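Novice: Mind folding the following:
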Amino acid sequence: MFGKRYYEISTEEVNAFMKNGSNSTLKFEQFVKTYRLKNYYFLYISKGQSLYFPKRIFKSEEDLAWFKKNIFDRIE
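Specialist: Model prediction:
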């Protein structure tokens, strides 16, 4: 149902690149809510639509700390 994708995240936007070659860009201002589980981070665009990021995808603790500080905590 869902193909493989990868994300490039900056303080301005999140770019999603799909395996089939398509991509989409979400500006930081489009995110309305965050939610965190033990091993996942969710960024909500609307009540029923979100991006999720498993904690394991971050290559280092520094990458995870950057994401929390510059993305996740700014939306809350």
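
Novice: The longest helix along the chain: which residues count as buried?
Specialist: Determined from DSSP state H, the single longest helix within the chain is helix 61-67. Within helix 61-67, the residues that qualify as buried are 64, 67, counting by 16 or more other Cβ atoms under 10 Å. Backbone N, C-alpha and C define where each C-beta goes, glycine included.

Novice: Over to stretch 18-31?
Specialist: 26, 28, 31.

Novice: Kindly report the same for stretch 66-76.
Specialist: Using 16+ other Cβ under 10 Å as the test for burial, stretch 66-76 gives 67, 71, 72.

Novice: can you list those in TSV and add distance to residue 41 and pLDDT?
Specialist: Listed next are the buried residues of stretch 66-76 as TSV, based on distance: Cβ to Cβ, whole Å; pLDDT from 0 to 100:
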residue	distance to residue 41	pLDDT
67	7	95
71	8	92
72	6	92
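
Novice: How about residues contacting the longest helix of the chain?
Specialist: 9, 41, 53, 55, 58 (Cβ atoms under 8 Å, 6 or more residues apart in numbering).

Novice: re the thing from before, and which of the buried residues of stretch 66-76 is nearest to residue 16?
Specialist: In terms of Cβ to Cβ, no member of the buried residues of stretch 66-76 lies closer to residue 16 than residue 71, at 14.1 Å.
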